[in-house]
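Participant: Below is the sequence, then the predicted model.
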Protein chains: 2
Amino acid sequence: MNQDIYITGTGQTPFGEHWDLSLKDLMEQAISKAIESSELTALDIDFIIVSNMLGERTNDQAHLGAMASAMLPHRPPAIRTEAACASGSVAIHTALSLLESGRAETVLVIGVEKMTDVPTEEISAALMGAADAEKDIPSGLTFPGIFGLIANRYMYEYSLTRDKLNIVSARHHENAVYNPNAQFQVKIPAEKVSQSATVADPLCLLDCSPISDGAAAVILSTKHESPIRIVASQMSTDTLSITDRPSLTSFPATKDAVERALEEAQISREDISHLEIHDCFSIAAIINLEDLGYAIPGQGIRLYEADNSMPSINKSGGLKACGHPVGATGVKQISELTAQLKSSNERYALAHNFGGAGATCCIHILENSNA
Amino acid sequence: MNQDIYITGTGQTPFGEHWDLSLKDLMEQAISKAIESSELTALDIDFIIVSNMLGERTNDQAHLGAMASAMLPHRPPAIRTEAACASGSVAIHTALSLLESGRAETVLVIGVEKMTDVPTEEISAALMGAADAEKDIPSGLTFPGIFGLIANRYMYEYSLTRDKLNIVSARHHENAVYNPNAQFQVKIPAEKVSQSATVADPLCLLDCSPISDGAAAVILSTKHESPIRIVASQMSTDTLSITDRPSLTSFPATKDAVERALEEAQISREDISHLEIHDCFSIAAIINLEDLGYAIPGQGIRLYEADNSMPSINKSGGLKACGHPVGATGVKQISELTAQLKSSNERYALAHNFGGAGATCCIHILENSNA
């Protein structure tokens, strides 16, 4: 960061199935909450960035920048960014460059997705837009299918058992009990995970993040101070299709982005107290912890086997239990970690958000100056 | 601009119906041409911004940032921006803030749309994502319908005749004859415009920009110099739905953005020699010229009645005759004006790009330091 960028407001709708709310309603609620949580008024916002993946297809609504802008009395300039499931973090990254450029002093980032208005098969088809339409769709892959292949290969290479994999979702559900905005505020016994319906062998229903509606907003400012700052923002990319990768058991974009983020923040990964990682499927959580450098390949599961791992992992419940409205997820991670740093009074937190099967990875590090 | 930003490369595919090319093919062609036109190699590119509106819906392909990134050997970070038909200019705006922030020294902006793979009724429905899905779709509006209402009101308020309106498309076609990348390199007699099939009364087929495939790319840099710089970039927004507007015969976002752009460039509109304006429909061209300040309300048509208006208007053929692959249009305007400034050796050019019925407007001013 070439200057201090403060998180001056955060807001989130509950994630879940909101039959009675539209895309617009969800945006309005999260924006109002973010402004209320700050010491600002709507008029302090210079620019808006909307994060959304599917609105044009599942809600007949593109042009969400202009829609969000009209929710504020002075209609500031607004754009939408998209990088599949990494849309939220990429919106934050874009907001930071706007702030660093001096073109804006206060930027509202609003992530939103309304996924329950269309049938599940249409959501599955739409989400395949995150993969390579020319290579992966004709081969019949879905995202559960892609991560099923990854899980199979990982279990073969590292002898991970199905029973052990169960712990991941169980832990995320255990965490979500304490998150009033989580889609599933309910514990599940670990053995229930592999007893749930098979979606893409070896992955079962309870290994998969759900279809969710929801919105999350963050207000970033160079002008209005707060104890929590963003001190690193780094992106990295990989091939869209897993068929172009040398390995299925690691996502190199995560490895690259985290090294650069730690360098930008000038800290080591041991300084970080809270992680929110992209657990779109249980197997992804394990691989992500390895790629982030918290475990050697094959050993990621150990962080879930420990009773109190350090750093904490997905206290929000993660994508699995908090829910995964795709455009909102990356923004929710930032809003969630802001709250975690404040309540724990720890110093550093890291958000890991990726799109597709790790084709885009964007990592942010937050610092609490009160800690 | 807080620093000099040079246009160091431009590339464009022909616009038209490319049955034999995919979205990916179009992107690759424009990117290759832009790199070839510059003195750079692919490795000089630090970041990519993709402009696209409809890919997720009409081509099953989102996540175009990662797709573009994989076309370069070092896979730089990449995102997609969207603001309906203003996606291209908004991508340029976003690139400029990245450059001004110092996070990147050289950014590739690639705009692309592949519209001919789906039936016309699906394209019409998809384009309505640029309007307000909750208000405008249930009332049965399409974009030709929206601009038909606007044309009717304009003709009533200012006594513009149907015959005079014919001149706009005829002039744009006349210009396109000299543009090898134009979709329609053919003159049409003015009277043929109102003799073509009625699409949304009073607008006929030849008043409407076509359905197009195409891509355009621009390389922007703070490091690699060139005679052409971008000296202003300003955005403004309005309501998504025309039902929320006090008037149908002006787009206030254009007025606001142009005043701020002229102030940023510290020039007057009389300094500008070349305009590319957003003529999605013939009536829009007339209103845009008025909103840009080149004619008083009701008199925009006079600039088309003159044989050689100054500044020149849509020498590319504009959206009508050059074609309108929506995500590419705003980028094409910049690439086109770069060529126009070089060949005419004039000093200033202005690109006017809007989304929906003027809900997002983004204006850029280019300066030729050799002039």
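Facilitator: Yep, that arrived.
Participant: what are the ranges of the helices in the stretch 51-200 of chain A?
Facilitator: Taking DSSP state H, counting those that start in this stretch, the helices of the stretch 51-200 of chain A run over residues A:55-58, A:64-69, A:87-101, A:120-127, A:143-158, A:162-176, A:190-195.
Participant: Those: which one's closest to B:A182?
Facilitator: helix A:55-58 (27.5 Å; C-beta to C-beta). In short, each C-beta sits where N, CA and C put it, glycine included.
Participant: Mean neighbour count, the helices of the stretch 51-200 of chain A: which tops it?
Facilitator: For these, average neighbour numbers computed from mean count of other C-beta atoms under 10 Å in any protein chain shown are highest in helix A:64-69, which has a mean of 31.
Participant: rewinding a little: same list, the helices of the stretch 51-200 of chain A, but as CSV with distance to B:T81 please.
Facilitator: Formatted as CSV, those follow (distance: least, C-beta to C-beta, whole Å):
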stretch, distance to B:T81
helix A:55-58, 13
helix A:64-69, 9
helix A:87-101, 8
helix A:120-127, 19
helix A:143-158, 24
helix A:162-176, 32
helix A:190-195, 39
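Participant: Identify whichever of these lies nearest to A:Q234.
Facilitator: A:Q234 sits nearest to helix A:87-101 of all the helices of the stretch 51-200 of chain A, at 8.2 Å, using C-beta to C-beta.
Participant: hmm, back to that, could you dump the helices of the stretch 51-200 of chain A to TSV with mean pLDDT?
Facilitator: Shown next, in TSV, are these (pLDDT from 0 to 100):
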stretch	mean pLDDT
helix A:55-58	97
helix A:64-69	98
helix A:87-101	98
helix A:120-127	96
helix A:143-158	98
helix A:162-176	98
helix A:190-195	98
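Participant: What is the burial count for the closest residue to chain B within the stretch 251-371 of chain A?
Facilitator: Here the residue of the stretch 251-371 of chain A nearest chain B is A:A359; by C-beta to the nearest C-beta that distance is 4.0 Å. Residues lying near A:A359 (other C-beta atoms under 10 Å in any protein chain shown) number 33.
Participant: The one 3 residues further on too?
Facilitator: By the other C-beta under 10 Å criterion, the neighbourhood of A:C362 contains 31 residues.
Participant: Measure how the helix or strand hosting it sits relative to helix A:87-101, angle-wise.
Facilitator: Secondary structure from DSSP states H and E places A:C362 in strand A:360-368. On the basis of axes from the mean of the first three to the mean of the last three C-alpha atoms, to 10 degrees, strand A:360-368 is oriented at 60 degrees to helix A:87-101.
Participant: The nearest residue to A:V177 once chain neighbours are set aside: what's it in contact with?
Facilitator: Excluding the flanking residues, the one nearest A:V177 by C-beta to C-beta, 6 or more residues apart in numbering or on different chains is A:Q185, at 5.4 Å. Taking C-beta atoms under 8 Å, 6 or more residues apart in numbering or on different chains as the contact definition, A:Q185 lies against A:A176, A:V177, A:N179, A:G317, A:A321.
Participant: Buried ones only from these, please, as a ChimeraX command.
Facilitator: Listed next is the ChimeraX selection for buried residues among the contacts of A:Q185, using 16 or more other C-beta atoms under 10 Å in any protein chain shown:
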select /A:176,179,317,321
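Participant: what about stretch A:51-65, start to end distance?
Facilitator: Stretch A:51-65 has its terminal residues 9 Å apart, counting by C-alpha to C-alpha, to the nearest Å.
Participant: Are it and chain B in contact anywhere?
Facilitator: Yes - legend: contact between stretch A:51-65 and chain B by C-beta under 8 Å from any C-beta of the partner chain is shown at A:M53, A:L54, A:G55, A:E56, A:R57, A:N59, A:D60, A:Q61, A:A62, A:H63, A:G65.
Participant: distance of A:R347 from A:H278?
Facilitator: Per C-beta to C-beta, to the nearest Å, A:R347 is found 23 Å from A:H278.
Participant: These two: which has the busier surroundings?
Facilitator: A:H278 (29 against 17).
Participant: How many residues are close by the nearest residue to the more buried one once chain neighbours are set aside?
Facilitator: Closest residue to A:H278 apart from its sequence neighbours, by C-beta to C-beta, 6+ apart: A:F354 at 4.8 Å. When neighbours are counted by other C-beta under 10 Å, A:F354 registers 31.
Participant: With A:W19 instead?
Facilitator: Here the count is done by other C-beta under 10 Å, and A:W19 has 8 residues near it.
Participant: what sits against A:L149?
Facilitator: A:I242, A:L248.
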